[in-house]
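Asks: below are the sequence and a predicted model; questions follow.
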Amino acid sequence: MPTALWIAHVKVTDPDSYAKYARLATGAIADHGGVFLARNGAYEQLEGNDRKRNVVARFPSLEAAHKCYHSDAYQEALSHARNASERDLVIVEELE
């Protein structure tokens, strides 16, 4: 079964609330087998909207990433991000 990438591009508008999200989301992602590959590091915006926070996590499968997003723990975390950021999030199956 192919692994999947969770890719988020974020503009943080309320750093305190977003920090609560990040703290809670870290545990929820780990609980579903997610491992961070990139998290708010240096980047170069080549096209599209510039969002200074970029996160990539690898999950064991597309299904695991989907279950993580819809889990109670992640939804609780997300409640702190909704009014504290502008976000794009996609999960993408990796090539085998």
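Replies: That came through fine.
Asks: ok, longest helix in the chain?
Replies: In the chain, with assignment by DSSP state H, the single longest helix is helix 15-31.
Asks: tell me the bridge partners for the closest residue to residue 35 other than its chain neighbours.
Replies: Spatial nearest neighbour of residue 35, chain neighbours left out: residue 58 (5.2 Å); criterion: Cβ to Cβ, 6 or more residues apart in numbering. Every C-beta, even on glycine, is put in place using the N, C-alpha and C of the backbone. Beta bridges link residue 58 to residue 5, residue 35, judged by DSSP bridges.
Asks: wait, doesn't residue 58 sit right on residue 32?
Replies: No. Counting by Cβ atoms under 8 Å, residue 58 stays clear of residue 32, with 11.3 Å between them.
Asks: the two: who's more crowded?
Replies: residue 32 (22 against 16; other Cβ atoms under 10 Å).
Asks: what sits against the more buried one?
Replies: Residues in contact with residue 32, defined by Cβ atoms under 8 Å, 6 or more residues apart in numbering, are 59, 64, 65, 67, 68, 71.
Asks: taking the residues you listed one by one, which sit in helices?
Replies: Per DSSP H, those map to helices at 64, 65, 67, 68.
Asks: which parts of the longest helix of the chain are buried?
Replies: Within helix 15-31, the residues scored as buried using 16 or more other Cβ atoms under 10 Å are 17, 18, 20, 21, 22, 24, 25, 28, 29.
Asks: so what does that helix touch, helix or strand wise?
Replies: strand 4-12, helix 62-70, helix 72-81 (3 or more Cβ pairs under 8 Å, 6 or more residues apart in numbering; DSSP states H and E).
Asks: contacts for the second one?
Replies: Looking back up the chat, that one is helix 62-70. Residues contacting helix 62-70 (Cβ under 8 Å, 6+ apart): 2, 4, 6, 28-29, 31-34, 57, 59, 74, 89, 91, 93.
Asks: so what's the gap between that helix and the chain middle?
Replies: 11 Å (Cα atoms, centre = their mean, to the nearest Å).
Asks: tilt between it and helix 15-31?
Replies: Taking axes from the mean of the first three to the mean of the last three Cα atoms, to 10 degrees, one finds helix 62-70 and helix 15-31 inclined to each other by 140 degrees.
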